[in-house]
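Sequence and predicted model, in that order:
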Amino acid sequence: MRIGIVTSGLGIARQCLRKNTSVYRTCRRQVTGSGSPLDLNVDSKTGIAVLSMNKPPVNSLNLEFLTELNIALEKVENDKQCKGLIITSSIPKIFSAGLDITEMYQPDIDRLEEFWRTLQDMWIKLYGMNCVTIAAINGHSPAGGCLMSMSCDYRIMAPNYTIGLNETQLGIVAPFWFADVMLNTVGFRQTEMALQLGTLFKTEEALNIGLIDKVVPQEEVLSAAQQEMQRWFKIPGFARQLSKTELRRPTIEKLLKKKEEDIGYFRDYITKDAIQKSLGMYLESLKNRRK
Ligand SMILES: CC/C=C\C/C=C\CCCC/C=C/C(=O)SCCNC(=O)CCNC(=O)[C@H](O)C(C)(C)COP(=O)(O)OP(=O)(O)OC[C@H]1O[C@@H](n2cnc3c(N)ncnc32)[C@H](O)[C@@H]1OP(=O)(O)O
């Protein structure tokens, strides 16, 4: 039941309407505007924020969407009531198709650099979030979608979807920080095979290698995430946060030290003729799939 104020643009709802009965005490605030590709609802009773991606057709991560994600993550991190964040999708059968390939194909160079910087910022924020983060993966989650999922603390996925870093199948290479996150999640052997082969794991396979943590039926993904959150909330917050920071800081610092270098590397790599040709062919194959 939503009884909060829906704000427009970037403003956060400042008030919550409360009725006097206990059932109305939950104050859910939708903190993104209508028409936004993101729906952020904060439940002040449970302390759980649900961030649902809603950018048809496939939640692909372009510059504008990444910017919105950054703003939403910042809101959650700055909201003292938020103890946990669940990331999910409102698009049936798709969590996220990963980076928007059209951002990388025949790009404007300034925009390409901004796109990459914004992606770096989004990942640094998400991987380093103080609050508990759970990916409720209710659809396919290739490449950038897999990066987002792996950057959360826990992953719950519905059956019959795929997840993985499939970049080599597009003729491109996953950046070192994508690889690092996979390495931290599933270990060296699985990462070196998965990255070279560009493996998209089926849900059950992903569970077997530890890429995801739990499989539940499609309709239970969100409720299972809410339930899982309670387990994490029982641990003293400061101790849990510090443990996370200690483990993730070296990976984040590695990119922080090389941010500008990484942008230049990405720009020079992606604009190579051979890479442009591969991306063009991949885009074409996506468009022809349904014909
Ligand atoms: C040394 C190296 C140094 C540095 C590294 C430098 C650079 C490389 C780094 C790059 C890292 C890249 C990360 C990525 O995330 S790349 C993106 C990878 N994503 C994919 O491969 C997914 C592709 N999509 C799909 O497989 C399917 O679309 C999906 C998600 C399973 C859904 O299937 P379905 O429901 O059937 O939908 P359609 O396929 O029909 O798609 C609908 C529509 O969307 C378009 N589309 C799909 N995915 C993308 C995308 N990622 N970007 C842009 N557009 C996408 C698709 O073409 C359709 O368009 P249409 O116009 O035909 O409607």
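That came in fine, so what should we check first? None of these values were measured; they are calculated from a predicted model. Numbering: from 1, shown residues only.

Going by C-alpha atoms from here, please, whenever you check contacts or count neighbours.
Noted.

Which neighbouring elements make contact with the helix or strand harbouring residue 148?
Per DSSP states H and E: residue 148 is located in helix 144-150. Other helices and strands packing on helix 144-150, by 3 or more Cα pairs under 8 Å, 6 or more residues apart in numbering; DSSP states H and E, are strand 132-137, strand 162-164, helix 176-186.

so how far is the longest one off the chain centroid?
Centroid displacement of helix 176-186 relative to its chain, using Cα atoms, centre = their mean, to the nearest Å, is 14 Å.

circling back: could you look over the helices and strands packed on helix 144-150 and pick the most buried one?
Among those, strand 132-137 has the highest mean neighbour count (mean count of other Cα atoms under 10 Å), at a mean of 28.

After the strand or helix carrying residue 225, which helix or strand is next?
Per DSSP H and E, residue 225 falls inside helix 221-233. For helix 221-233, the succeeding helix or strand toward the C-terminus, using DSSP H and E, is helix 237-257.

counting contacts, what elements does that next one pack onto?
Counting by 3+ Cα pairs under 8 Å, 6+ apart, helix 237-257 packs on helix 109-127, helix 176-186.

List the buried residues for the helix holding residue 225?
By neighbour count on 16 or more other Cα atoms under 10 Å, the buried set for helix 221-233 is 221, 222, 224, 225, 226, 229, 232.

closest to the ligand among those?
Nearest to the ligand out of these is residue 221 (Cα to the nearest ligand atom; 18.7 Å).

correct me, but the closest one touches residue 134?
No: assessed by Cα atoms under 8 Å, residue 221 is found out of contact with residue 134, at 10.7 Å.

I'd like the distance between residue 229 and residue 83.
Distance, residue 229 to residue 83, using Cα to Cα, to the nearest Å: 9 Å.

right, and the helices and strands packed on helix 237-257 - which one's nearest residue 266?
helix 109-127 (7.8 Å; Cα to Cα).

what packs against the closest one?
On a contact count with 3+ Cα pairs under 8 Å, 6+ apart, helix 109-127 meets helix 63-78, helix 101-104, helix 237-257, helix 259-270.

and that helix, average pLDDT?
Averaged across helix 109-127, pLDDT comes to 98.

Can you give me the buried ones in that helix?
In helix 109-127, counting by 16+ other Cα under 10 Å, buried: 112-113, 115-127.

Pass me the low-pLDDT residue ranges in the chain, would you?
1-34, 290-291 (pLDDT under 70).

Write out the residues of it neighbouring the ligand.
Neighbours of the ligand within the chain, by Cα under 6 Å from any ligand atom: 57-58, 60, 97-102, 140, 142-144, 167, 172-175, 265-266, 269-270, 283, 286-287.

Would you mind giving the helices and strands packed on helix 109-127 as CSV with mean neighbour count added?
What follows is the helices and strands packed on helix 109-127, written out as CSV (neighbours: other Cα atoms under 10 Å):
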stretch, mean neighbour count
helix 63-78, 19
helix 101-104, 18
helix 237-257, 14
helix 259-270, 16
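
between these, which one is nearest to residue 201?
helix 101-104 (20.7 Å).
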